[in-house]
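**Student:** here's my sequence, what's the structure:
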Amino acid sequence: ARDAAATLRLFHELYPRLSPNEQYLYEAVERPLIPILADMELRGIRLANSVVFEQLISKCESERLSILSEMQLGGWPCDINKKQQGVDSFPVLSNFLYQTLALPILTKTPTGQPATNKQAIELLAANHPELRVLLEYRKVRDLLNKFLYPLHEYAGQSIHPHIHQVKVYDEGEDSFGGTSVGRLSYSNPNVQQFAKGGGIRDLVIAPPGMSLVAGDWGQLHLRIYAAMCGDETMIGAFERDEDVHDNIRLVLGYPPEARPTIKNGVYGRLYGAAAPKLSITLGLSLNETITFLEDLDKVMPSVRQYAAEVIRDARIKGYSETLLGRRYRHPDMMSPDASARARAERVLVNFTIIGTEAEIAKLAMLEWTQQHPEAPLYIQVHDELVVVCPEGSEDYYIGELKRVMKAVDILQRVPLDATVGWGKTWKEAKA
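**Tutor:** Next comes the predicted model:
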């Protein structure tokens, strides 16, 4: 009772401080979503049986040992016959990278130590591709330790992850350092990692007598960016239902096989990725990457202009904002440290896109629940919606989910698109 009373007093104190857009966001989106999320938590998520878990664990363990064997042959501090690996120890790994291999120190921890996190290894791998094996090892290790082993005891049962209404990012994860950006998030366990884990979507199954219908918006970030920066090249392609990356490729005069490079380069430019990091993704030298980005800027000048406008407005107003008015303030926006300030500026721009994506997903969730309470929401992750429906009605709900996802009309000239499928597991429905 005391908590409720204190919360009510805070509400009366804080609500008037919200801007009109923020009040609309609260009244029309966030507050109506609360009972929907409560129902999703109570309903839970059904996990596959022990056989599926054991198959995935066996597959991942074999992959882990294979990677460790390769690393051991390469001189890394590890031994496939030992349970504890040197590469899992910060001091041991740091000594190996920066003393034994004498690699340059490109980033440091908050305490001033040479960094060994994912971002540091990716930067180093731009000129030392042999380091990518460490990233592969960590991916499999974390999959086993954070998901397969802990969840194995719940095989064949339903789990009830906590759903948080606004995503709070940790350092290193999309670089939002602890500030809410509007996305839903899960904990105990983190269901987002099921989506990233590829094969572990097999672990999520439909309840008895039901099927999963899963939809994801096509190129949602790109569509949002096109709408918000007014890029005519992208908007025209979306209006004509053409391939955006192929359009850009043709304008640049690149061959058909260059489309994957174009795609990765476009997203890298949208999110302000530095040339050294982007060169890893593109598989190009640093100079080739810089030249490629310059070519992209000639075709898509409004992308850089939009970023400059967001940063300029943020310096004046103190924040950047999403399409529906959610605001974001970064403590380093006016920092005298150039690198901290550049990072803050990149985050301010990215927030406008990622936050708007979250708003589109939440609006679709509200509309779906209003129209189809008989086929409740099961999972919402990033640009995906998953619902459950009775067996035999899958085709009907495929059409309905696609219609609802496409009908969230807040991007004006830029239409939304969605791919929807069904299955008995999340992986089948996503395929």
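
**Student:** count of neighbours near H162?
**Tutor:** By other C-beta atoms under 10 Å, 12 other residues sit near H162. No exception for glycine: its C-beta is placed from N, CA and C like everyone else's.

**Student:** ok, now which ones touch the closest residue to it other than its chain neighbours?
**Tutor:** In space, not counting the residues next to it along the chain, H162 is nearest to S187; the distance is 4.8 Å by C-beta to C-beta, 6 or more residues apart in numbering. Residues near S187 by C-beta atoms under 8 Å, 6 or more residues apart in numbering: P161, H162, H164.

**Student:** low pLDDT regions in the stretch 301-431 of the chain?
**Tutor:** The model of the stretch 301-431 of the chain has pLDDT under 70 over residues 431.

**Student:** mind checking pLDDT for the residue nearest to H162?
**Tutor:** S187 is assigned a predicted lDDT (pLDDT) of 87.

**Student:** phi and psi next, for it.
**Tutor:** When read as degrees, to the nearest 10, the backbone of S187 gives phi -140, psi 160.

**Student:** of all the contacts of S187, the one with the weakest confidence?
**Tutor:** Minimum pLDDT for the contacts of S187 is recorded at H164 (89).

**Student:** pairing-wise in the sheet, spell out the partners of that residue.
**Tutor:** With DSSP bridges as the criterion, the beta-bridge partners of H164 are S185.

**Student:** next, work out how far apart it and V408 are.
**Tutor:** Counting by C-beta to C-beta, to the nearest Å, the gap between H164 and V408 amounts to 22 Å.

**Student:** of the two, who's got more company?
**Tutor:** The residue with more neighbours, out of H164 and V408 and counting by other C-beta under 10 Å, is V408; that gives 19 against 14.

**Student:** the more buried one in helix, strand or coil?
**Tutor:** Three-state secondary structure (criterion: DSSP: H, G, I helix; E, B strand; the rest coil) places V408 in coil.

**Student:** surely it and A364 touch.
**Tutor:** Yes - applying C-beta atoms under 8 Å as the test, V408 and A364 come out as touching, 5.2 Å apart.

**Student:** name the element Q380 belongs to?
**Tutor:** For Q380, the host element (DSSP states H and E) is strand 377-381.

**Student:** could you find the closest non-adjacent residue to G44?
**Tutor:** The spatially closest residue to G44, leaving aside those adjacent along the chain, is S158, at 3.8 Å (C-beta to C-beta, 6+ apart).

**Student:** now the strand holding Q380, how far from the chain's geometric center?
**Tutor:** Per C-alpha atoms, centre = their mean, to the nearest Å, the displacement of strand 377-381 from the mean C-alpha position of its chain is 15 Å.

**Student:** tell me how many other residues crowd P110.
**Tutor:** Residues contacting P110 under the criterion other C-beta under 10 Å number 7.

**Student:** if I look at it, how far off is S302?
**Tutor:** Shown here: P110 relative to S302, a distance of 37 Å by C-beta to C-beta.

**Student:** just the pLDDT for R138.
**Tutor:** Turning to R138, the model gives it a pLDDT of 93.

**Student:** can you check L296 too?
**Tutor:** L296 carries a pLDDT score of 86 in this model.

**Student:** now it: closest residue in space, sequence neighbours ignored.
**Tutor:** Closest residue to L296 apart from its sequence neighbours, by C-beta to C-beta, 6+ apart: R269 at 5.4 Å.

**Student:** can you pull the contacts of that neighbour?
**Tutor:** In this structure, R269 makes contact with L293, L296, D297, M300, V303, R304, judged by C-beta under 8 Å, 6+ apart.

**Student:** among the residues you listed, which one sits closest to E41?
**Tutor:** E41 has its nearest neighbour among the contacts of R269 in V303, at 38.7 Å by C-beta to C-beta.

**Student:** could I get the phi/psi values of that closest one?
**Tutor:** Note on V303: its backbone torsions stand at phi -70, psi -50 [degrees, to the nearest 10].

**Student:** count residues in the vicinity of it, would you?
**Tutor:** There are 22 residues near V303, going by other C-beta under 10 Å.

**Student:** with A38 instead?
**Tutor:** Each residue near A38 was counted by other C-beta under 10 Å, and the total is 11.

**Student:** am I right that it is in a strand?
**Tutor:** No - with the criterion set as three-state DSSP, the secondary structure at A38 is helix rather than a strand.

**Student:** okay, it and P376: tell me how far apart.
**Tutor:** Note on A38: its distance to P376, by C-beta to C-beta, is 12 Å.

**Student:** how about V349?
**Tutor:** Counting by C-beta to C-beta, the separation of V349 from P376 is 36 Å.

**Student:** which of these two has more neighbours?
**Tutor:** The residue with more neighbours, out of V349 and P376 and counting by other C-beta under 10 Å, is V349; that gives 24 against 16.

**Student:** in which helix or strand does that one reside?
**Tutor:** V349 is part of helix 338-371, with elements assigned from DSSP H and E.

**Student:** ok, residues contacting the helix or strand hosting T7?
**Tutor:** For T7, the host element (DSSP H and E) is helix 2-14. Applying C-beta under 8 Å, 6+ apart, helix 2-14 has no contact partners.

**Student:** buried set for that helix?
**Tutor:** By neighbour count, and taking 16 or more other C-beta atoms under 10 Å as the criterion, helix 2-14 has no buried residues at all.
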